[in-house]
Structure formats: C-alpha cells, structure tokens
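Novice: Build me a model:
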Amino acid sequence: MAVAENVPPSPPPPPPPRIVVAALALTRSALVPMLAVRRALRVAARVFPYVAFALAWAISAASAAKIVARRAWGEGSAPFLFLRALTSAACKVCTYGFLVLLVLAVLLLCGLCVAYVIALLSGRGTEFKKRALGAITWDSVANSFRLPRMAVLGFITVVPFFVLVVAGLLLAMMSHVEGSVSRGEMVGFVIVDVGFFGMHATSCILIIPALALGAWRFDQADRKAQSQSC
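Specialist: Numbering: from 1, shown residues only. Next comes the predicted model:
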C-alpha cells in the first residue's frame, strides 16, 4: 500500500499593490459618467447628421433666396434682411452643434482610455481591443465615405456654376472703373449671382437630399447588422 506524500499547500497569491487597487477604484468610479457620455454621444451621432443636413439645406435655400431678394428689392429690403438673419442663425446653430459633438467625442475618447487601463490592469487588454475595435473594418470605413450617385451628379453639376462665378469675377475685375460702375462690371456681378444661385439650388435639389438619404440607408443597414449580430 503506497503512502500518500504530504504535499504542502501552495501559498496564496500576494495581494495586489495598494496603488493598483487605488487605480482600479478610481478608474471604475470614473467609468460611470463616461458610460453616460457614451450613450449621449451615440444618440447625438445618430441625430446630428440629419440636423446638419436640415441646417445645410436651410442655409442653401436661404442663400439662393437672398440673391433673388437682393436683385428684386435691394439689400435694405425686409425679405433680404430676414434671409440674411436666417442664414446667420443657421450657421451659428450648426457651428455650436459641431462643437458640442466634438466635446462629447473627446470625452468618449477619455472614457475609452480609462476602460483600456482597467482592461490592462485586469489582464483583459486583448479582449478589450477585440470588443472595441472588432466591428471597425476597412469595408465599413469605405462604405461610410462612399457618396451616392445623385450626390456625385450634383457635384458635377456644380462645376459649371463655379466656372461662371470665376468668369464673372474676372469680368468684373477687368471692367472696373474708378468712381463708377461700368456695364461690364454689372454684367460680371450678374454672372456671379447666377453662378452662386445655381450652386445653392443644386445643393438643395440634388446634393443635400442625396447625402441625407445615403446616411439614412447606411444607418438602417448598420442597425440591421447590429440586430443580426446580437
């Protein structure tokens, strides 16, 4: 009969250093507001593009109407002043919204750094990378920057109007007379207005609606892919 050997039990693992415990506690306490920021940024990222498209459409439409109002009633008329104020307000709202989204993105980046520190301290750095960056592929990045055909057609249509603007400016500069406005300068400014009106009208009719529809389709496809992966 074999005699069982007395194997001494293995000593318990040493407790983690206090600095590691303190770092874990600090990062976990900071992770709660970061998760809230992540949810807010996710909602803002889905809503902001459509708000930006709506504001861009309003700016383009108001700019085109402002050209007509200036030609029809003058720069001191009530319609022109109203359209100028509307354009300025829409530009300010779009700028402030972009700044808010940028701040939320910076906060989310800080939250990801905190979560990565927690994953490294707990020995799950590789798993964190797969969960955080696994859904980002070259195909998804390329699809996000792919333009719809109608938007490409709109950008091609804008080119002749841009050429008109440049030609009108050159004509106005070459026809400039000190102390008066020459007929060539007036014709040049009319050509410039026609070019700008065509650019804004093309943006309202083709470019902005096509980009908004493409963003909506991409959003729907992304939601469908997420629901199938769950």
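
Novice: can you count the residues close to residue 74?
Specialist: By the measure other Cβ atoms under 10 Å, the count of residues near residue 74 is 10. Heads up, the C-betas are built off the backbone N, CA and C, glycines and all.

Novice: Can you get me a residue count around the closest residue to it other than its chain neighbours?
Specialist: Using Cβ to Cβ, 6 or more residues apart in numbering and skipping the chain neighbours, the partner closest in space to residue 74 is residue 80 (7.0 Å). Residue 80: 20 surrounding residues under other Cβ under 10 Å.

Novice: what do you get for residue 191?
Specialist: Applying other Cβ under 10 Å, we find 19 residues neighbouring residue 191.

Novice: Does it touch residue 164 like I think?
Specialist: Yes: between residue 191 and residue 164 there is a contact under Cβ atoms under 8 Å: 5.6 Å.

Novice: Pop the domain breakdown of the protein in here.
Specialist: 17-136, 140-221 (automatic domain parsing).

Novice: if I've got this straight, residue 75 is in a helix?
Specialist: No: counting by DSSP: H, G, I helix; E, B strand; the rest coil, residue 75 is not part of a helix but coil.

Novice: For it, give its distance to residue 92.
Specialist: Distance, residue 75 to residue 92, using Cβ to Cβ, to the nearest Å: 21 Å.

Novice: Show me what counts as buried in the helix or strand hosting residue 220.
Specialist: When secondary structure is defined by DSSP states H and E, residue 220 falls within helix 208-229. With burial defined by 16 or more other Cβ atoms under 10 Å, the residues of helix 208-229 counted as buried are 208-212, 214-215, 218.
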